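[1] Build me a structure from this.
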Amino acid sequence: MLLGLGVKNLALIEEADVSFTEGLNILTGETGAGKSIIIGSIGLALGAKASRDMIRQGEESASIQLVFSVDDEERRKALEELSVAPDEEGILIISKKITQARSISRVNDETVTTAKLRAVTGLLLDMHGQHEHQSLLHLHKHLEILDAYCRTEAESWKEKIAGEYRQYQALESRLSSMEGGLEERLREADFCRFEIQSIEEAALREGE
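    This is a model prediction of the structure:
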């Protein structure tokens, strides 16, 4: 869950802190108040490309910080596989600093590549909008979404299919072993027939 957003020196915003709670959160304000910049800053922190033109006029850099609470065990394990872990209270901080030369992203004060940042944030937050990131467009997310949609109904079928697949693998392995043994016996039979034929053709007599 996203707990808070901090934005500094981004476009028209000098400094802003926004807190979020569970359920529906609504941002309101007149045109030009900075609502789109707030939403856009989240996209930047998630891994969207940042331009130095976004830095507030007269400033050397801009920064964005997202504070997440991670209390889902499955999500924790997925983050650990990426070598990322929340603190003891389940807090994870994503930050991005935009300078005139480059942009630097960090996860819990550790500098990360854009690819890793997107992998981490993809587990934490999903944005949907007219021109925003949408997980439905990512093929690797399709099975996860489908499983979440029909988890209760499909769970027993998944277990049954998994059991039957394991049985199939065992039978396939046994069949392969049997076929290998059959080939070996056929080779031995051919060799025995060859030896018998050689002995008969030699027409050996007693004492030879």
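[2] For the residue most central in space within the chain, grab phi and psi.
    The centroid of the chain falls nearest to A119 when counting by Cα atoms, centre = their mean (5.7 Å). The phi/psi pair for A119 (degrees, to the nearest 10) reads phi -70, psi -40.
[3] ok, it touching L82?
    Yes. Using Cβ atoms under 8 Å, A119 makes contact with L82 at a distance of 5.7 Å. No exception for glycine: its C-beta is placed from N, CA and C like everyone else's.
[4] so L5 is in which element?
    Taking DSSP states H and E as the criterion, L5 maps to strand 2-10.
[5] For that strand, list every residue counted as buried.
    2, 5-10 (16 or more other Cβ atoms under 10 Å).
[6] Please apply the same query to stretch 67-80.
    67-70, 76, 78-79.
[7] And these, which is closest to L124?
    F68 (5.2 Å; Cβ to Cβ).
[8] which SS state does the closest one fall under?
    In three-state terms, and counting by DSSP: H, G, I helix; E, B strand; the rest coil, F68 is strand.
[9] tell me the pLDDT at it?
    In this model, F68 is scored at 92, pLDDT.
[10] One more: the one 3 residues further on?
    The pLDDT attached to D71 in the predicted structure is 85.
[11] any idea how far K97 is from I199?
    Distance, K97 to I199, using Cβ to Cβ, to the nearest Å: 88 Å.
[12] name the helices or strands packed onto the worst-scoring helix or strand of the chain on mean pLDDT?
    Sorted by mean pLDDT, DSSP states H and E, the helices and strands of the chain end with helix 139-149, the least confident at a mean of 78. The criterion is 3 or more Cβ pairs under 8 Å, 6 or more residues apart in numbering; DSSP states H and E, and there are no helices or strands that helix 139-149 contacts.
[13] which of the residues in that helix are buried?
    Buried, per 16+ other Cβ under 10 Å, within helix 139-149: nothing.
[14] Give the next helix or strand downstream of it.
    helix 151-202.
[15] Run the angle between that next one and helix 139-149 for me.
    Angle, helix 151-202 to helix 139-149, by axes from the mean of the first three to the mean of the last three Cα atoms, to 10 degrees: 120 degrees.
[16] and for stretch 59-76, what are the contacting residues?
    1-10, 41-42, 44-46, 54-56, 79, 85-86, 90-100, 123-125 (Cβ atoms under 8 Å, 6 or more residues apart in numbering).
[17] Now that stretch - C-alpha only, PDB.
    C-alpha atoms of stretch 59-76 as PDB (Å, rounded to 0.1, in the frame of the first residue of the first chain):
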ATOM      1  CA  GLU A  59      16.700  24.700  -9.100                       C
ATOM      2  CA  GLU A  60      19.500  22.200  -9.700                       C
ATOM      3  CA  SER A  61      17.500  19.000  -9.100                       C
ATOM      4  CA  ALA A  62      14.100  17.600  -8.400                       C
ATOM      5  CA  SER A  63      13.200  14.600  -6.100                       C
ATOM      6  CA  ILE A  64      10.300  12.300  -5.600                       C
ATOM      7  CA  GLN A  65       9.800   9.800  -2.800                       C
ATOM      8  CA  LEU A  66       7.200   7.100  -2.400                       C
ATOM      9  CA  VAL A  67       6.700   5.300   1.000                       C
ATOM     10  CA  PHE A  68       5.100   1.900   0.800                       C
ATOM     11  CA  SER A  69       3.800  -0.500   3.500                       C
ATOM     12  CA  VAL A  70       4.300  -4.100   2.600                       C
ATOM     13  CA  ASP A  71       2.300  -6.500   4.800                       C
ATOM     14  CA  ASP A  72       1.500  -9.200   2.300                       C
ATOM     15  CA  GLU A  73       3.700 -12.300   2.800                       C
ATOM     16  CA  GLU A  74       3.600 -13.300  -0.900                       C
ATOM     17  CA  ARG A  75       4.700  -9.900  -2.000                       C
ATOM     18  CA  ARG A  76       7.400  -9.900   0.600                       C
END
